[in-house]
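**Student:** I would like the atomic coordinates for the input below:
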Amino acid sequence: MACRVSELVLSCREPETLARFWCEVLDFVVLDREDDGSLEIGPRDGFGGPQPTIILSRRDEPEPGKSRLHIDVNATDRDQDAELERLLKLGARRADIGQTGDEGWHVLADPEGNEFCLLKRRLGPL
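**Tutor:** Numbering: from 1, shown residues only. Predicted coordinates for the structure are as follows:
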């Protein structure tokens with residue numbers, strides 16, 4: 001028996017802002033709202049499916065320093081260039097972590113500066 005990733009937790013100042021961004025990026029919906037402003041977003045079929053949910057945990061001051069974990073995403077219905085354009089329009093911005101420009105992925109940051117990568121390979125939708 002093995003474990004499975006069920007949730008990712010991201011500390012942030014503006015859960016609603018990040019929820020809008022990540023719901024658009026991943027075609028997720030808000031599944032739950034907590035009294036402290038934290039949110040859980042995930043696939044329309046909810047918690048426990050093939051994809052983990054994301055908890056956007058409200059913190060006035062998220063953990064200092066660079067996160068040691070980042071999210072990689074793949075386009076499902078368009079090529080990488082078209083998906084990059086879509087993500088930038090949603091509020092992502094390019095992030096420079098010392099790439100050479102020859103990589104097969106793009107390093108981006110969400111509206112709060114959390115880095116994530118857009119990979120080249122296209123995946124089929126779930």
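**Student:** Quick check: which element contains the residue positioned nearest the centre of the chain?
**Tutor:** Geometric centre of the chain, nearest residue: residue 22, 5.2 Å, by C-alpha atoms, centre = their mean. Element membership of residue 22, judged by DSSP states H and E, is helix 15-26.
**Student:** can you list the domains in the protein?
**Tutor:** With domains defined by automatic domain parsing, the chain comprises 1-60, 70-126.
**Student:** Spatially nearest residue to residue 92 (excluding sequence neighbours)?
**Tutor:** For residue 92, ignoring the flanking residues on the chain, the nearest one in space by C-beta to C-beta, 6 or more residues apart in numbering is residue 108 at 4.3 Å. (C-beta placed from N, C-alpha, C; glycine too.)
**Student:** and that neighbour, which of the three is it?
**Tutor:** Secondary structure assignment for residue 108 (DSSP: H, G, I helix; E, B strand; the rest coil): strand.
**Student:** From what I see, it and residue 115 are in contact.
**Tutor:** Yes - at 7.1 Å, residue 108 and residue 115 qualify as touching, with contact defined as C-beta atoms under 8 Å.
**Student:** which residues are in contact with both of the two?
**Tutor:** Residues touching both residue 108 and residue 115 comprise residue 95, with contact defined as C-beta atoms under 8 Å, 6 or more residues apart in numbering.
**Student:** Which residue of these two possesses the greater neighbour count?
**Tutor:** Between residue 108 and residue 115, counted using other C-beta atoms under 10 Å, the more crowded position is residue 108 (22 against 15).
**Student:** mind listing what the residue nearest to the centre of the chain touches?
**Tutor:** Taking C-beta under 8 Å, 6+ apart, we find residue 22 in contact with 28, 41, 54, 56, 110.
**Student:** Reformat these as TSV; add pLDDT, neighbour count and distance to residue 66.
**Tutor:** Listed next are those as TSV, based on pLDDT from 0 to 100; neighbours: other C-beta atoms under 10 Å; distance: C-beta to C-beta, whole Å:
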residue	pLDDT	neighbour count	distance to residue 66
28	97	18	25
41	98	21	23
54	96	22	19
56	96	26	19
110	96	22	14
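**Student:** Thank you, goodbye.
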